[in-house]
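Student: 3D, please:
(one chain, ligands or ions: 1)
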Amino acid sequence: MKTLIIGAGGVGRVVAHKCAMNSETFGEITLASRGKDKCDQIAGEIAKTHKVAIKTAAVNADNSQETAELIRKTGAKIVINVALPYQDLAIMDACAAAGADYLDTANYEHPDEAKFEYKLQWAKDALFKKAGRMALLGSGFDPGVTNVFCAYAAKHYFDEIHTIDILDCNAGDHGYPFATNFNPEINLREVSARGRYWENGAWVETDPLAIKMVWDYPEVGEKDSYLLYHEELESLSQNIKGLKRIRFFMTFSQNYLTHMRCLENVGMLGIKPVDHHGQKIVPIEFLKTLLPDPASLGARTKGKTNIGCVFDGLKEGKSRKIYIYNVCDHEECYREVLSQAVSYTTGVPAMIGAKLMLEGKWKQAGVWNMERLDPDPFMDELNKQGLPWKIVEI
Ligand code: NDP
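Tutor: Coordinates of the predicted model:
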């Protein structure tokens, strides 16, 4: 077996470590990214801690042909895309052309438009079916594990699910006045966008961060949680039977929001180039240069994340409410794979999705979202691979 991982950021590091820790499934592993240096650094860590040698390469994944050539050269049968959402379509095309399966953790976005939807990725279903290959979309935590929690609740706990609230809490402290826990550009574009949720067959829009609730997160405590639009709402609203409402909430501290609003008010979140002394500069790209690299936060972050779903519905005619969640500790993640919990909770499910595809447990032709597949083997792997979950009736 041969595996290609594209992207050597915070998430790429976790995927590479975890694939190496499961090398009997992933075989010969190549880690490629725009620059080879970061790949070499991660390969060095893995050789030291796991005694596994992985190969490295440079690739511009915006270029589909170049990526297809790399897939052929490495002989990879699966590509785990943990570069940026901008590269999704080009890497999907490369996989279909070179005869490899594809997996990502984030919905395609165009760099010039702060908007994401599955339309263009779903449109590649026929291409993947024709190639006899599988594309698994959104195999991170949210999307990813949250979709699997939904499929698991639907399979084992409910005849009908009526409402789902996805609750994402990061109570980690990195000690900086302001930093983002994953790619700042992607993170700030998502948080500053208008809110949206799905109810009774229609989308309801809100001003950014206009709806707030306080949730008591197990092992973390009460946190302000704000309604955001999040990509899994698009597929789950179509795939969960009997659903009446689905929403997504994320926690933010007042400090984070004050910094973000200030940056937004002065134009630093802009995605269109501005003229600066004769040079064209995209404000949010410049801001990314100024902010701490998320991959560097691991060593300093303390505290926990808690991500889960609250379900409400019917089982055998009776109403029922359950909460499925995972708690992850930043410092424990760092000890295991030299990354903080946000990268860990994304990278481990990416590895698990790929593992199930390679083992034939999740093998299908075409383009798939997570909740359409059998949740049981994925839920088992979460417990074995470092992301144990709990279910409580509430
Ligand atoms: P980083 O910015 O830390 O890393 C991205 C990596 O991709 C970098 O190594 C970067 O290289 C590389 N890259 C960027 N452009 C190209 C290109 N054209 N060709 C090849 N490589 C490229 O991001 P993260 O690791 O934090 O996030 C990775 C992905 O995970 C993102 O898509 C993010 O949206 C997703 N994510 C998903 C979550 C989920 O739960 N589903 C949660 C968190 C993140 P360079 O260093 O040269 O820029």
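Student: Show me which residues of the stretch 251-394 of the chain are close to the ligand?
Tutor: 294-295, 342, 346 (CB under 6 Å from any ligand atom). In this view, the C-beta of every residue, glycine as well, is placed from N, C-alpha and C.
Student: could you redo the last one with a cut-off of 8 Å?
Tutor: Residues of the stretch 251-394 of the chain found near the ligand (CB under 8 Å from any ligand atom) are 293-295, 342-343, 345-346, 349.
Student: ok, now how distant is the residue of the stretch 51-200 of the chain found nearest the ligand from Ala106?
Tutor: Residue nearest to the ligand within the stretch 51-200 of the chain (CB to the nearest ligand atom): Gly140, separated by 2.3 Å. Noted for Gly140: a distance of 7 Å to Ala106, by CB to CB, to the nearest Å.
Student: Now do Phe182, the pLDDT please.
Tutor: Here, the pLDDT recorded for Phe182 equals 80.
Student: hang on, it packs against Arg13?
Tutor: No. Counting by CB atoms under 8 Å, Phe182 does not reach Arg13; the two are 12.0 Å apart.
Student: Skip the chain neighbours and tell me the closest residue to the one residue in the stretch 251-394 of the chain that gets nearest to the ligand.
Tutor: The minimum distance from the stretch 251-394 of the chain to the ligand, using CB to the nearest ligand atom, falls at Thr346 (4.0 Å). Counting by CB to CB, 6 or more residues apart in numbering, the nearest residue to Thr346 once its immediate chain neighbours are dropped is Gly140, at 4.0 Å.
Student: Quick one: neighbours of the one you found, just the number.
Tutor: When counting by other CB atoms under 10 Å, one arrives at 27 neighbours for Gly140.
Student: Specify the beta-bridge partners of it.
Tutor: Gly144 (DSSP bridges).
Student: so what's it up against?
Tutor: 11, 105-106, 345-347, 349-350 (CB atoms under 8 Å, 6 or more residues apart in numbering).
Student: mind redoing it with 10 Å?
Tutor: 11, 82, 103-106, 146-147, 182, 232, 342-343, 345-350, 353, 370 (CB atoms under 10 Å, 6 or more residues apart in numbering).
Student: Go through those residues and flag which are in strands.
Tutor: When DSSP state E is applied, the contacts of Gly140 are split such that 103-104 fall in strands.
Student: my guess is the residue of the stretch 251-394 of the chain closest to the ligand meets Val145, correct?
Tutor: Yes. Counting by CB atoms under 10 Å, Thr346 touches Val145, with 9.4 Å between them.
Student: out of these two, which sits in the busier spot?
Tutor: Between Thr346 and Val145, counted using other CB under 10 Å, Val145 has the larger neighbour count: 33 against 27.
Student: Quick check: mean pLDDT of stretch 289-297?
Tutor: 89.
Student: distance between it and the chain's centre?
Tutor: From the chain centre to the centre of stretch 289-297 is a distance of 18 Å (CA atoms, centre = their mean, to the nearest Å).
Student: How about stretch 80-100?
Tutor: 15 Å.
Student: Of all the residues in that stretch, which ones are buried?
Tutor: For stretch 80-100, the neighbour count (16 or more other CB atoms under 10 Å) marks 80-98, 100 as buried.
Student: Point me to the residue of the chain nearest the ligand.
Tutor: Taking CB to the nearest ligand atom, the chain has Gly9 as its residue nearest the ligand, at 1.8 Å.
Student: residues contacting that residue?
Tutor: 33, 38, 42, 82-84, 182-183, 293-295, 339, 343, 347.
Student: sorry, back to before: who wins for neighbours among the residues of the stretch 251-394 of the chain next to the ligand?
Tutor: Pro349 (33 neighbours).
Student: right, and that one touches Thr105 too?
Tutor: Yes. The pair Pro349 / Thr105 is scored as a contact, 7.6 Å apart, by CB under 10 Å.
Student: Check the contact lists of the two and give me the overlap.
Tutor: Taking CB under 10 Å, 6+ apart as the contact rule, Pro349 and Thr105 both touch 15, 138-144.
Student: so can I have JSON lines of these showing pLDDT and distance to Gln121?
Tutor: Formatted as JSON lines, the shared contacts of Pro349 and Thr105 follow (pLDDT from 0 to 100; distance: CB to CB, whole Å):
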{"residue": "Val15", "pLDDT": "98", "distance to Gln121": "20"}
{"residue": "Gly138", "pLDDT": "98", "distance to Gln121": "9"}
{"residue": "Ser139", "pLDDT": "98", "distance to Gln121": "13"}
{"residue": "Gly140", "pLDDT": "98", "distance to Gln121": "15"}
{"residue": "Phe141", "pLDDT": "98", "distance to Gln121": "19"}
{"residue": "Asp142", "pLDDT": "97", "distance to Gln121": "17"}
{"residue": "Pro143", "pLDDT": "97", "distance to Gln121": "12"}
{"residue": "Gly144", "pLDDT": "98", "distance to Gln121": "15"}
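Student: Adding distance to Pro388, write those residues out as JSON lines.
Tutor: As requested, the shared contacts of Pro349 and Thr105 are exported to JSON lines (distance: CB to CB, whole Å):
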{"residue": "Val15", "distance to Pro388": "19"}
{"residue": "Gly138", "distance to Pro388": "21"}
{"residue": "Ser139", "distance to Pro388": "18"}
{"residue": "Gly140", "distance to Pro388": "17"}
{"residue": "Phe141", "distance to Pro388": "13"}
{"residue": "Asp142", "distance to Pro388": "17"}
{"residue": "Pro143", "distance to Pro388": "20"}
{"residue": "Gly144", "distance to Pro388": "16"}
